[in-house]
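Peer 1: Just to be clear, the model below is a prediction. Sequence and coordinates:
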Amino acid sequence: MIIQLHKNIQPTDLQIICKTLEENKYSVTTVNTQFENYLVCIGKTDIDIRIIGHLKGVKDIHRVSDNYKLVSSKWKTENTKINLGDSVIIGDGEPAMMAGPCSIESEEQVSKIVAHLLKNNIKIMRGGVYKPRSSPYAFRGMGIEGLKMMYAQCKQHKIKIITEVMQASQINDMMEYVDIFQVGARNSQNYNLLDALGEIDKPIMIKRGISGTIEELLNSAEYIFSKGNEKLLLCERGIRTFETMYRNTFDINAIQILKDKSHLPVIADPSHGIGIREYVPKLALASLMAGADGVIYEVHEKPEEALSDGQQTLNFIESERLIEKIQLLKAIL
């Protein structure tokens, strides 16, 4: 059960509500976000919600049977929209496009990527500066200096930045330069990191774990919401299975399930989903047809020279063709 409280609720009224719930054998967790104040109530028996609903300070009350209560679609009348400013909104019906290199490599590289994004009206740039790599000898990113380099060029063109944060200690240094923090697949159940991201007022995109279930992804989002941050996006990026012909098994089923189970925007990552450049555009289009609110993909002027993930990265021509097809697809959608 979720209880929405009036923002100006008096402490004495809150005490009465909590006492009434506890008397009915409900445990109560207070959640205060940047938008609303809630009580998340867990109990084994149902009660007549009118007992609570008439109490002073209660704005609304909802029965939610899912374990992931706050991110569940069962209590929201409208799906969540993420407003990044400068008319960049995710979840408003317009497919959100996020593109950029796997890793930020140089100032020249960033300049060329930004020019490509501007040419194709892409408002969000992805680019890794902290890279979790399977091999300790692989390129692991330029760190905060790479992020500052990216920010300097994106800001003047009002391009928003999404990049991965790997640990809680990096958040403060990155805050000024990031519009969306990305939680990577390897960190999707790093609960210390999720707790820390719940305490900031920035959008967070959570990628599905390498072998994570849909419910585990939703519970990861619940961690962040329960700590106070409602600005959340979910990302399907493929899961590890027995198949070896491609990088991951891109679970396109999950897109529609997530749209049904949650009120949060859903982003598809076909680059990681299949890991083979020539198939990325088709999976991007299929994702949008399946209901995704946007697509995040990797692009580089010369993928064969990229320091990481070149095999799944589109070149500029391939990226432009994809954008053209998405424009045609929008008419169908």
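Peer 2: Arrived safely, thanks for sending.

Peer 1: What residue spans form the domains of the protein?
Peer 2: Domains of the chain are assigned by automatic domain parsing as 2-62, 82-332.

Peer 1: Quick check: which of the ones you listed is buried the most?
Peer 2: Highest mean neighbour count among the domains of the chain (mean count of other Cβ atoms under 10 Å): domain 82-332, with a mean of 19. Where you see a C-beta, it was placed from the backbone N, CA and C, and this is true even at glycine.

Peer 1: circling back: can I get the domains of the chain in CSV with distance to S73?
Peer 2: Below are the domains of the chain laid out as CSV (distance: least, Cβ to Cβ, whole Å):
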stretch, distance to S73
domain 2-62, 11
domain 82-332, 5
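
Peer 1: Out of those, which is closest to K74?
Peer 2: Closest of the domains of the chain to K74 is domain 2-62, at 7.0 Å (criterion: Cβ to Cβ).

Peer 1: model confidence over that closest one, on average?
Peer 2: Mean pLDDT, domain 2-62: 94.

Peer 1: Now do the end-to-end distance for stretch 246-262.
Peer 2: With Cα to Cα, to the nearest Å applied, stretch 246-262 spans 29 Å between its terminal residues.

Peer 1: Tell me where the protein has strands.
Peer 2: For the chain, strands defined by DSSP state E occupy the ranges 2-5, 26-32, 37-43, 58-62, 82-83, 89-90, 96-100, 124-126, 160-164, 180-183, 204-207, 232-236, 266-268, 294-298.

Peer 1: residue boundaries of the helices in the stretch 101-250 of the chain?
Peer 2: Along the stretch 101-250 of the chain, the segments classed as helices by DSSP state H, counting those that start in this stretch run 107-119, 144-156, 171-174, 191-197, 214-226.

Peer 1: Bridged to the nearest residue to T241 once chain neighbours are set aside, which residues?
Peer 2: With Cβ to Cβ, 6 or more residues apart in numbering as the criterion, T241 has its nearest non-adjacent residue at 4.3 Å, and that residue is T249. Note on T249: beta-bridge partners I239, judged by DSSP bridges.

Peer 1: got the contact list for T249?
Peer 2: G238, I239, R240, T241, E243 (Cβ atoms under 8 Å, 6 or more residues apart in numbering).

Peer 1: Apply 10 Å and report the result again.
Peer 2: By Cβ atoms under 10 Å, 6 or more residues apart in numbering, the contact set of T249 is G238, I239, R240, T241, F242, E243, G273, I274.

Peer 1: where does this structure dip in pLDDT?
Peer 2: Scanning the chain for pLDDT under 70 picks out 133-134, 137-139.

Peer 1: Next, name the residue at the spatial heart of it.
Peer 2: M205 (1.9 Å; Cα atoms, centre = their mean).

Peer 1: is it true that that one touches C235?
Peer 2: Yes. With contact defined as Cβ atoms under 10 Å, M205 and C235 form a contacting pair (5.4 Å).

Peer 1: sorry, back to before: wait, which of the helices of the stretch 101-250 of the chain is closest to I323?
Peer 2: I323 lies closest, by Cβ to Cβ, to one member of the helices of the stretch 101-250 of the chain: helix 107-119, at 9.3 Å.

Peer 1: what's in contact with the closest one?
Peer 2: With Cβ under 10 Å, 6+ apart, helix 107-119 has contacts from 97-101, 103-106, 122-127, 146, 149-154, 156-159, 299-302, 305-307, 315-316, 319-320, 323.

Peer 1: Who are the contact partners of Q34?
Peer 2: I200, D201, K202, G228, N229, E230, K231.

Peer 1: Next, the fifth one: phi, psi?
Peer 2: Going back to what we said before, that points to N229. When quoted as degrees, to the nearest 10, the phi and psi of N229 stand at phi -120, psi 110.

Peer 1: Would you confirm that it contacts E222?
Peer 2: No. Applying Cβ under 10 Å as the test, N229 and E222 come out as separate, 11.3 Å apart.

Peer 1: Quickly list what's touching both of those two.
Peer 2: Here N229 and E222 have L194, G198 as joint contacts, going by Cβ under 10 Å, 6+ apart.

Peer 1: how close does the residue nearest to the centre of the chain get to E222?
Peer 2: 15 Å (Cβ to Cβ, to the nearest Å).

Peer 1: Report the separation between the residue nearest to the centre of the chain and L70.
Peer 2: Distance of M205 to L70, given as Cβ to Cβ: 17 Å.

Peer 1: Please apply the same query to D179.
Peer 2: 23 Å.
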